[in-house]
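Chemist: Give the three-dimensional model of this entry:
(one chain, ligands or ions: 1)
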Amino acid sequence: MNNDNFLTCPVYSNRFKEQEAECIKYPYDKKDKNVPNDIYFCGNCGVGIAYPPLSKKQLEELYFNGEYWDDSKIQLITPNSFPGQYVLSKSRWDFFKNGIKNNIKKSWSILDVGAGHGFYGMIAADDKDIDVVEYCAIEADKALKESLAKTWNKNNFKTKLEIYDSTEKIDKKYDLIVLSHILEHVLDPKSFLENVSTYLNDGGTLLLGVPNKDYLFKADVFPHLFFFSKKSIEILMESIELNVKSICFYGKDAQKAKKDNIFAYCVEVFFYKARRIIPKAFLIKFYAWRLKAFYENNNGTWMRALAEKR
Ligand SMILES: [Zn+2]
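Modeler: Model (predicted):
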């Protein structure tokens, strides 16, 4: 009798034996859900695979029934209301700008897949160095969509805003596609990336963000399905006609991030509670320091990649 179980790498599609792969427990700190038990690492490209995988139905319930954001309030989206997310978006935007320094086009159109609060669009629309003609947000969450539209009107941005539930409704191509903390959530990252890159102009740029080794420091990584290494991202991108321009890591050391400084944590709790009345510039400085969002560090908690379509 053969008891071998095989796993398929989502990057290379090579199959490997479960028993021979490096494996750790899937960090999860609640009890009420059907979640993966383990993470298996592909010996070839280093990607971690959550196992057993979530079903399509589970994912749909999570992302399309508003379970993920868990906030049905229509509200103005400001740096003060979501300081952490604003600072992270800003640091990734700066990473993108640095990477295209010698190639600033006259005008940009942006497609943000899984846009969330839409901070990339707002930061881009506000950026004096780059002319952004259009920002298209792909977001399924109803409250987020309405909040973004409301915020856009309030700010009077010149950049045109489009919002869709999914990429299926798009009938054109963009100069920049933002894929920020999405790839680790999808069932088939390769075909997902392949599909997304069809909306990219030739020579267009892809800005990708994924967590780096979050299984080392998070008590709960649900609902992440994949844990990408630098090598796996390189292979994945190159396999679908994207030229990797740069891959960098940012943030605190992933190895040490588990041990938080209690004092800094308490200050953060205070800042978060008082965030709406703290001056924006000060609040942002604090969060940038706290998250180390702009701090390049080879062992950092975030991986950021820029690629160009061939
Ligand atoms: Zn692999």
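
Chemist: Would you list the phi and psi of the nearest residue to Gly48 once chain neighbours are set aside?
Modeler: Distances taken as Cβ to Cβ, 6 or more residues apart in numbering place Phe227 nearest to Gly48, at 3.1 Å, with adjacent residues excluded. Using the backbone N, CA and C atoms, a C-beta is placed for each residue, glycine as well. For Phe227, the backbone dihedrals (degrees, to the nearest 10) come out as phi -130, psi 100.

Chemist: Phe227 contacts Cys45, doesn't it?
Modeler: No - checked against Cβ atoms under 8 Å, the pair Phe227 and Cys45 is beyond contact range at 11.4 Å.

Chemist: higher neighbour count, these two?
Modeler: Using other Cβ atoms under 10 Å, the more surrounded residue of Phe227 and Cys45 is Phe227, with 25 against 20.

Chemist: Show the contacting residues for that one.
Modeler: For Phe227, the contacting residues are Ile39, Phe41, Val47, Gly48, Ile49, Ala50, Glu184, Pro211, Lys213, Asp214, Tyr215, Val221, by Cβ atoms under 8 Å, 6 or more residues apart in numbering.

Chemist: and which of those is nearest the ion?
Modeler: Val47 (5.0 Å; Cβ to the ion).

Chemist: shouldn't the closest one be in contact with Phe228?
Modeler: Yes - counting by Cβ under 8 Å, Phe228 is a contact partner of Val47 at 5.6 Å.

Chemist: Could you list the alpha-carbon positions for stretch 107-122 in PDB?
Modeler: The C-alpha coordinates for stretch 107-122 follow below in PDB (Å, rounded to 0.1, in the frame of the first residue of the first chain):
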ATOM      1  CA  SER A 107       0.300  60.200 -17.300                       C
ATOM      2  CA  TRP A 108      -0.700  57.000 -15.500                       C
ATOM      3  CA  SER A 109      -3.800  54.900 -15.300                       C
ATOM      4  CA  ILE A 110      -3.900  52.600 -12.300                       C
ATOM      5  CA  LEU A 111      -5.700  49.400 -11.600                       C
ATOM      6  CA  ASP A 112      -5.800  48.400  -8.000                       C
ATOM      7  CA  VAL A 113      -7.000  44.800  -7.500                       C
ATOM      8  CA  GLY A 114      -8.400  44.200  -4.100                       C
ATOM      9  CA  ALA A 115      -8.300  47.900  -3.400                       C
ATOM     10  CA  GLY A 116      -9.600  47.900   0.200                       C
ATOM     11  CA  HIS A 117      -9.800  51.400   1.400                       C
ATOM     12  CA  GLY A 118      -8.400  52.800  -1.800                       C
ATOM     13  CA  PHE A 119      -5.400  54.600  -0.300                       C
ATOM     14  CA  TYR A 120      -3.200  54.000  -3.300                       C
ATOM     15  CA  GLY A 121      -5.700  55.900  -5.400                       C
ATOM     16  CA  MET A 122      -5.900  58.800  -3.000                       C
END
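
Chemist: Residue of the stretch 101-250 of the chain closest to the ion, please.
Modeler: Closest point on the stretch 101-250 of the chain to the ion, by Cβ to the ion, is Ser232, at 6.0 Å.

Chemist: Can you list the low-confidence ranges for the stretch 1-150 of the chain?
Modeler: Low-confidence segments of the stretch 1-150 of the chain (pLDDT under 70): 1-3, 64-71.

Chemist: Enumerate the residues of it near the ion.
Modeler: For the stretch 1-150 of the chain, the contact set with the ion under Cβ under 5 Å from the ion comprises Cys9, Val11, Tyr12, Cys42, Asn44, Cys45, Val47.

Chemist: Please narrow those to those residing in strands.
Modeler: Applying DSSP state E to these, no entry is found in strands.

Chemist: quick revisit: can you report how many residues neighbour the residue of the stretch 101-250 of the chain closest to the ion?
Modeler: Counted with other Cβ under 10 Å, Ser232 comes out at 24.

Chemist: Could you do the one 5 residues further on as well?
Modeler: The local packing of Met237 (other Cβ under 10 Å) involves 24 other residues.

Chemist: do Asn34 as well
Modeler: Using other Cβ under 10 Å: Asn34 sits among 8 other residues.

Chemist: Can you give me the distance of it to Pro53?
Modeler: According to Cβ to Cβ, to the nearest Å, Asn34 and Pro53 sit 11 Å apart.

Chemist: what about Lys90, is that helix, strand or coil?
Modeler: Secondary structure state of Lys90, per DSSP: H, G, I helix; E, B strand; the rest coil, is helix.

Chemist: Could you pull up the residues touching it?
Modeler: Taking Cβ under 8 Å, 6+ apart, one finds Phe119, Ile123, Ile284, Ala293 in contact with Lys90.

Chemist: Give me the distance between the nearest residue to the last one once chain neighbours are set aside and the ion.
Modeler: If you skip the residues right next to it in sequence, Ala293 has Ser91 as its closest partner in space, 3.9 Å away by Cβ to Cβ, 6+ apart. Using Cβ to the ion, to the nearest Å, one obtains 29 Å as the distance from Ser91 to the ion.
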